[in-house]
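**Student:** below is the sequence, then the predicted model.
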Amino acid sequence: MVAAVITSCEKDEEKIALTSSLNGEWEVMAYIDNTPIHGIFPLLISSDFPSKTDSVTINDTSKYFWNFQVKVSANHENGTFETQKSICEHCSYRIGVKVFNGKIINSDSIYLEIQFEDDETPYGNTYQLKGHRVK
């Protein structure tokens, strides 16, 4: 008896995008050197499915902290993300945003470091965003 298994890369990509621990709604606070500087605000992470499963969009949906939305490279398998420089999609002028050390911890906590070109000193502050999953 011979059995054959046929798989499709598209189906694998679809499964990764739909089940990624990155996607979701988060509540985060902003810190500098682990000192809180900004209260809780919502952050939305979503995949541009199906065309770009290697990236996600990070969006400050309340525009309360910095009014940013950027695309970052993502590794859905290990729940990490980053970008050396992305352009803010919300801003009326094209500011750069850098995201470092982004990761999902135990599928319910999030951590990332972020810098903004339009900060007092461009990219002069590294903000740590820490929080937990809402949905």
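**Tutor:** Arrived safely.

**Student:** quick one: distance of stretch 89-106 to the chain centre.
**Tutor:** Stretch 89-106 sits 7 Å away from the centroid of its parent chain (CA atoms, centre = their mean, to the nearest Å).

**Student:** now do it, average pLDDT.
**Tutor:** What stretch 89-106 shows for mean pLDDT is 89.

**Student:** ok, now stretch 113-122?
**Tutor:** Here the average pLDDT along stretch 113-122 is 95.

**Student:** start to end distance for it?
**Tutor:** 15 Å (CA to CA, to the nearest Å).

**Student:** surely residue 46 forms part of a helix?
**Tutor:** No. Residue 46 sits outside any helix when classified using DSSP: H, G, I helix; E, B strand; the rest coil, being strand.

**Student:** please enumerate the strands of this structure.
**Tutor:** With DSSP state E as the definition, the chain shows strands at residue ranges 24-32, 35-48, 52-59, 69-75, 80-87, 96-105, 109-116, 127-133.
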